[in-house]
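how would this look folded up:
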Amino acid sequence: MNDASVSEVDRLRRRVRDLERLLETDRRAGLREIRSAAAAVPEPAPAESAPPSLEDLPEHVRRAVEAARAKARAEAQNGVDVAFYPDFRGGNPYQEMLFSGARAAGLGVAPLPWAPESLVHEKADPDRGYVVNLHWTAPVLQTSEHSAEAVRRLDHFTAMLDELAERGGRLLWTVHNVLPHECPYRLLEIELCRRLAERADLVHVMDDSTVEAVRDLYPLDPAKVRVVPHASYQGVYPDTATRAEARERHGLGEDETAVLVLGGLRRYKAPERLLEAFEQAAARHPGLRLLIAGEPDGDPELGPFVERCESDPRIVCHFGRVADDDLQWWLRAADLAALPYANVLNSGFLHLATGYGLPVVAPDVPGLRNILEPAWSQSFPPEADAPVLAEALLAGAERLGNAEARAAAAARGASYPPEAMADEFLTLLTSLGVKPA
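The predicted structure follows:
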């Protein structure tokens, strides 16, 4: 493309972004205008849009991709009754836990390809029962390079949803978040969610407060909503390390109180607020320590946060992926788990913590309010500034840093293990017409 052509494409893309605002007031007119403007943006040349080949990827990434593809082929070998998208099992065993009951009952469960051309799996037979379970929606639109591409993806995905229904397949949508945490195409994402809500046969939520949480953006029909809570991760990861061994590994003294933050480091988790709160709390509680383990997502604005943590002797940090076998060393060493999020609907980390008997400091949001109990949790307002969060950390350290609170957290984890969630989810799947062997 010459400079003039590039300038024109940029102008058209800006026009698409501007027209997104129409969706706030007039959904149909907004989409019509956005689609018209998007049609004027040329498709990228094949050389520009082609994804990198496996040979171009780092070796460890290539091995992971090849292993995931081989696993997907093996899972689909004997037919597919339930397909799911996207496949995020590489970083979170939640989907593996969720489908374990279906697999044990003889149902064929397999992921769809990362960029599917159809929601009907090639090994599926919709005439005898077939369900697509859609999970996190971010890959559908939010990885687009520009708004015009996002509009095209929205149209393509809608066509696939309609094809699924026409061929007799059923759609089960699992709502993990109100919207994706990183959401550059927010209004188009809301439109996607509205279409999913309209077309889904059933909507799976983890707490009944979800219906109210999303109401202003995309209403859910209560008649379609089914609640299957998030289980603990009890028994999913190795758990052989003792508390004493784990604390020794991280250099923690008997009289010190360790607060753990575990998982991918992303801006929506408000890490700067947490660090400020910890510094304020530690000034009043000299024995307070902070454990941080997780891989930053590449956001350059997180750089100063990482540097401050690495230079503070009161903080034990590992800014990289934590291997499954190593999770226990962090969870068993800590006295409290901190969920310093400003905005969250569900939290896998909370259920991971209780599975290891770890009390939590968590935001008082509707999706967690029905779970948290005073015997093993300390809450704070989600909009709290650093001083208020510091007070919550201090209150949690004083009230929950003991064996009784750890036992209460462990009891919570044991009360709803993965097997219970899997059984409930199997019931949900069979209500949509798939038949166990």
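
Show me the helices in the stretch 51-200 of the chain, by range?
59-75, 94-104, 138-141, 147-166, 186-199 (DSSP state H, counting those that start in this stretch).

and Thr174, which of those is closest to it?
Closest approach to Thr174 among these (CB to CB): helix 94-104, 8.1 Å. Placement of C-beta: from N, CA and C, glycine included.

who's in contact with the closest one?
Contact with helix 94-104 is made by 81-82, 84, 87-89, 109, 135, 230-231, 233, 236, 348, 418-419, 421-423, 425-426, 429, 436, as judged by CB atoms under 8 Å, 6 or more residues apart in numbering.

And the buried ones among those residues, selectable in PyMOL?
Here the buried members of the contacts of helix 94-104 are turned into a PyMOL selection, burial being counted by 16 or more other CB atoms under 10 Å:
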select buried, resi 81+82+84+87+88+89+109+135+230+231+233+236+418+421+422+425+426+429
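
In strands only, show me the contacts of helix 94-104.
Judged by DSSP state E, the subset of those located in strands is Val82, Phe84, Val109.

check contacts around the first one.
Same thing as Val82. Val82 neighbours (CB under 8 Å, 6+ apart): Phe99, Ala102, Leu107, Gly108, Val109, Ala110, Tyr130, Val131, Val132, Asn133, Leu429, Val434.

Widest-spaced pair of those?
Among the contacts of Val82, Phe99 and Tyr130 lie farthest apart (CB to CB), at 14.7 Å.

Give me the more crowded residue out of these two.
Shown here are Phe99 and Tyr130; by other CB atoms under 10 Å, Tyr130 has more neighbours (25 against 22).

Any stretches of this structure with poor pLDDT?
Residues of the chain meeting the criterion pLDDT under 70: 1-62, 64-65.

residues near the nearest residue to Leu426 once chain neighbours are set aside, how many?
Excluding its sequence neighbours, the residue lying closest to Leu426 (CB to CB, 6 or more residues apart in numbering) is Gly101, at 4.0 Å. Residues near Gly101, counting by other CB under 10 Å, number 21.

Kindly report the same for the one 4 residues further on.
Neighbours of Ala105 under the rule other CB under 10 Å: 17.

what's the closest non-adjacent residue to it?
Closest residue to Ala105 apart from its sequence neighbours, by CB to CB, 6+ apart: Pro436 at 3.7 Å.

Hmm, Gly129 and that neighbour touching each other?
No. Using CB atoms under 8 Å, Pro436 is not in contact with Gly129, being 10.2 Å away.

Make sure Cys309 is actually in contact with Cys317.
Yes. Here Cys309 lies in contact with Cys317, judged by CB under 8 Å, at a distance of 4.7 Å.

Mutual contacts of these two, please.
Residues within reach of Cys309 and of Cys317 at once, by CB under 8 Å, 6+ apart, are Leu290, Ile292.

Which one's more surrounded, these two?
Set Cys309 next to Cys317 and count neighbours by other CB under 10 Å: Cys309 wins out with 20 against 17.

Leu252 versus that one, what's the distance?
According to CB to CB, to the nearest Å, Cys309 and Leu252 sit 16 Å apart.

same question, Leu164
52 Å.

same question, Ala338
From Ala338 across to Leu252, the span is 16 Å (CB to CB).

between the two, who's got more neighbours?
Regarding Ala338 and Leu252, a neighbour count based on other CB under 10 Å identifies Ala338 as having more, with 28 against 21.

Please report phi then psi for that one.
Per-residue torsions, Ala338: phi -110, psi 130 (degrees, to the nearest 10).

My guess is it contacts Leu274. True?
Yes. Counting by CB under 8 Å, Ala338 does reach Leu274; the two are 6.5 Å apart.

Can you work out which residues contact both of these two?
Taking CB under 8 Å, 6+ apart as the contact definition, Ala338 and Leu274 share the neighbouring residues Val261.

if you go through the protein in chain order, where are the strands?
Taking DSSP E to define them, one finds strands in the chain at 82-85, 109-111, 131-134, 170-174, 202-205, 225-227, 257-262, 288-293, 315-318, 336-338, 360-363, 377-380.

Columns distance to Lys71 on top of the ones you listed, output as CSV?
As requested, the strands of the chain are exported to CSV (distance: least, CB to CB, whole Å):
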stretch, distance to Lys71
strand 82-85, 13
strand 109-111, 9
strand 131-134, 17
strand 170-174, 21
strand 202-205, 23
strand 225-227, 28
strand 257-262, 26
strand 288-293, 26
strand 315-318, 28
strand 336-338, 31
strand 360-363, 33
strand 377-380, 36
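
so which of those strands comes closest to Ala244?
Counting by CB to CB, Ala244 lies closest to strand 257-262 out of these; the figure is 13.1 Å.

So what touches that closest one?
Residues from elsewhere that reach strand 257-262, judged by CB under 8 Å, 6+ apart: 247, 250, 252, 269, 271, 274, 278, 285, 287-294, 316, 322, 327, 330-331, 333-338, 340, 349, 352-353, 358, 361, 393, 396-397, 401.

Name the residues of that strand that come out as buried.
Thr257, Ala258, Val259, Leu260, Val261, Leu262.

Columns distance to Cys193 on top of the residues you listed, output as a markdown table?
Shown next, in a markdown table, are the buried residues of strand 257-262 (distance: CB to CB, whole Å):
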| residue | distance to Cys193 |
| --- | --- |
| Thr257 | 41 |
| Ala258 | 39 |
| Val259 | 35 |
| Leu260 | 33 |
| Val261 | 29 |
| Leu262 | 29 |
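
any idea which of the residues you listed is closest to Ser379?
Distance to Ser379 across the buried residues of strand 257-262 (CB to CB) is lowest for Val259, with 15.1 Å.

gap between that closest one and Pro418?
Following CB to CB, the distance that separates Val259 from Pro418 is 26 Å.

Alpha carbons of stretch 329-347, as PDB, please.
The C-alpha trace of stretch 329-347 is given here as PDB (Å, rounded to 0.1, in the frame of the first residue of the first chain):
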ATOM      1  CA  TRP A 329       5.000 -24.300  47.800                       C
ATOM      2  CA  TRP A 330       3.400 -20.900  47.600                       C
ATOM      3  CA  LEU A 331       0.000 -21.900  48.900                       C
ATOM      4  CA  ARG A 332       1.300 -23.800  51.900                       C
ATOM      5  CA  ALA A 333       3.700 -21.100  52.800                       C
ATOM      6  CA  ALA A 334       1.100 -18.300  53.100                       C
ATOM      7  CA  ASP A 335      -1.200 -17.300  55.900                       C
ATOM      8  CA  LEU A 336      -3.600 -15.300  53.700                       C
ATOM      9  CA  ALA A 337      -4.500 -15.100  50.000                       C
ATOM     10  CA  ALA A 338      -5.300 -11.600  48.700                       C
ATOM     11  CA  LEU A 339      -7.700 -10.900  45.900                       C
ATOM     12  CA  PRO A 340      -7.000  -7.100  45.400                       C
ATOM     13  CA  TYR A 341      -9.200  -6.800  42.400                       C
ATOM     14  CA  ALA A 342     -11.200  -3.700  41.600                       C
ATOM     15  CA  ASN A 343     -13.700  -5.500  39.400                       C
ATOM     16  CA  VAL A 344     -14.400  -9.200  39.300                       C
ATOM     17  CA  LEU A 345     -17.400 -11.500  38.800                       C
ATOM     18  CA  ASN A 346     -15.900 -14.900  39.700                       C
ATOM     19  CA  SER A 347     -12.400 -15.800  41.100                       C
END
